[in-house]
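Participant: pasting the sequence and the predicted coordinates here, then a few questions.
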Amino acid sequence: MIISGLPDNPTGKARFNKAGLYNMKTRLLTLFTLILCSVQLHAAQTYASKGILRVCADPFMLPFSNTEGQGFENRISEFLAEKLDMELEYEFFPQRMGFIRNTLKSEEGGLYKCDLVINVPENFELAATTDPYYTTTYMLAYVKGGKLDGLEKPEDLRNMVESGNIDLNFGITERGPAQLWLFYNELLQYMTPYQGQPGNPRYHPGQKLMEDLAAGKIDATIVWGPTAGYYADKLRDQAEIILLPVKDSEENAEARYTYSMSMAVRYGEKEWKDQINKVVQENKAEIHRILEDFGVPLINK
C-alpha cells in the first residue's frame, strides 16, 4: 500500500532519505495552503453586511420570543434594528441543545443563518458575548392565601414548613438551580419533578410550573425570573402569585441563582460586537423599560 508516496515496509520502520522527506513536507504544506485558501474563499458572509439584522431566536418560547413577535427578545430586536437602520429578520430554532450550532454558527447559501443572539448568560462559552445589559435571578413563587401565605424570604421556607408541619408540594424541573436550592435548604423531600427539556419544543417547563401553581396543583415553585414575572402577570386573574428573589449563597459558589445577561455574536467579529455594544449601552434605559414591560425582575449589580 502506498501512502503519501512512501511504500509499505515489512519491518514496520520508515525508510526514506532527506530528499523524500523534503518532498513530503512540500506536498503537505501545499495541501494545507490549498485547504486554507478554499476555506477563505468559501467563508460565509453575514446578513449584517447586507444591512439586515438577522436574529437567532426560539419560535415558541414566551416571554423571550416567538414567530409572532410577542416576546421581549422580539421587541429588543425591533428596537436595535431601528437604531442600526437595518431591516429585521429572524432565524428560528428551538433554544435548547444545538441552538448555537444550528443558528449563529450555521450557514446556508454562503450566508450565516443569523448574526445575533439577544439573550445569553454573561461569559457564554459558545459565542462571543457583549457587555451585560441586565441582571436577574430565579424567583420563588407561591399563591397568596395558600399554605405559604406570609412567607417574606425564600430562606425562611424551611423553618416555616417545619414549624407549621406543612405538607408541601414543591414543583421544580428535575435538574438545575431550583433543585440545588431545595437540596441546600434540606427541602428536597417535598420536590414534585417536572421535565426540564421535553421532546416537544413547544412545551415550556417554566410556563407549565406557573400555570400549575395558579391552578393549585402545586404549592410553590422556583422559576427563572423573566418567566416567573411574565406568567405571574398573565395569570393574575386566576391567582395572585407572590414572587420572592432567590439570593446567591455566600458559603457555596455552586448555589448561584443570579445571572447577568448579554447578547452574543460569533467569535472573531469584534467590529460587529462593538457596534452592538455601543447601541445597547447608549440605550440601556429604553431596553430596561422593554424588559420591565414584560415583568422581568431587574437586579442592580
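Facilitator: Arrived safely. What you see is a predicted model, and the numbers here were worked out from it, not measured in a lab.
Participant: which residues are contacting stretch 173-188?
Facilitator: 138, 154-155, 157-158, 161, 168, 170, 172, 190-191, 193-196, 205, 209, 221-223, 246, 249, 252, 254-257 (C-beta atoms under 8 Å, 6 or more residues apart in numbering). Quick note: C-beta positions are derived from backbone N, CA and C, even for glycine.
Participant: buried subset of the residues you listed, written for ChimeraX?
Facilitator: The ChimeraX command for the buried members of these (criterion: 16 or more other C-beta atoms under 10 Å) is given here:
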select :138,154,157,161,168,170,172,190,191,194,205,209,221,222,223,246,249,255,257
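Participant: the contacts of stretch 173-188 in strands, which ones?
Facilitator: Y138, F170, I172, M191, P193, Y194, T221, I222, V223 (DSSP state E).
Participant: and S49, how many neighbours?
Facilitator: 11 (other C-beta atoms under 10 Å).
Participant: and it, how far is that from D58?
Facilitator: With distances taken as C-beta to C-beta, to the nearest Å, S49 is found 25 Å from D58.
Participant: any weak-confidence spans in the stretch 1-150 of the chain?
Facilitator: 1-43 (pLDDT under 70).
Participant: which residue packs closest to A255, ignoring adjacent ones?
Facilitator: Computed as C-beta to C-beta, 6 or more residues apart in numbering, the closest residue to A255 that is not its neighbour in sequence is S249, at 3.6 Å.
Participant: what bridges to the residue nearest to T129 when sequence neighbours are not counted?
Facilitator: Nearest non-adjacent residue to T129, counting by C-beta to C-beta, 6+ apart: S262, 4.0 Å away. Applying DSSP bridges to S262 gives these bridge partners: V120.
Participant: got the domain boundaries for the protein?
Facilitator: Using automatic domain parsing, the domain parsing of the chain gives 16-45, 48-134+261-293, 136-245.
Participant: which one of those lies closest to I299?
Facilitator: Nearest to I299 among the domains of the chain is domain 136-245 (5.8 Å), distances taken as C-beta to C-beta.
Participant: any idea how far that closest one is from the middle of the chain?
Facilitator: Remark: domain 136-245 is offset 21 Å from the chain centroid, using C-alpha atoms, centre = their mean, to the nearest Å.
Participant: swap in stretch 105-124?
Facilitator: So, by C-alpha atoms, centre = their mean, the centroid of stretch 105-124 is 12 Å from its chain's centroid.
Participant: can you count the residues close to I118?
Facilitator: Should you count by other C-beta under 10 Å, I118 turns out to have 24 residues around it.
Participant: list the contacts of it.
Facilitator: Here I118 is in contact with V55, A57, S65, E73, I76, S77, M263 (C-beta under 8 Å, 6+ apart).
Participant: now A127
Facilitator: A127 neighbours (C-beta under 8 Å, 6+ apart): I100, L104, K105, V117, V120, A264, V265, R266, Y267.
Participant: JSON lines for the residues you listed, including secondary structure and distance to Q179?
Facilitator: Output for these, formatted as JSON lines (DSSP: H, G, I helix; E, B strand; the rest coil; distance: C-beta to C-beta, whole Å):
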{"residue": "I100", "secondary structure": "helix", "distance to Q179": "25"}
{"residue": "L104", "secondary structure": "coil", "distance to Q179": "29"}
{"residue": "K105", "secondary structure": "coil", "distance to Q179": "30"}
{"residue": "V117", "secondary structure": "strand", "distance to Q179": "26"}
{"residue": "V120", "secondary structure": "strand", "distance to Q179": "22"}
{"residue": "A264", "secondary structure": "strand", "distance to Q179": "26"}
{"residue": "V265", "secondary structure": "strand", "distance to Q179": "32"}
{"residue": "R266", "secondary structure": "coil", "distance to Q179": "33"}
{"residue": "Y267", "secondary structure": "coil", "distance to Q179": "32"}
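Participant: show me where the stretch 1-150 of the chain has its strands.
Facilitator: 2-3, 6-7, 52-57, 60-61, 65-66, 87-92, 107-108, 111-112, 116-121, 128-129, 134-143 (DSSP state E, counting those that start in this stretch).
Participant: out of those, which is closest to P201?
Facilitator: strand 60-61 (6.0 Å).
Participant: that closest one pairs with which strands, and in what direction?
Facilitator: strand 65-66 (antiparallel).
Participant: which other residues reach the partner strand?
Facilitator: A57, D58, P59, F60, G71, F72, E73, N74, Y90, I118.
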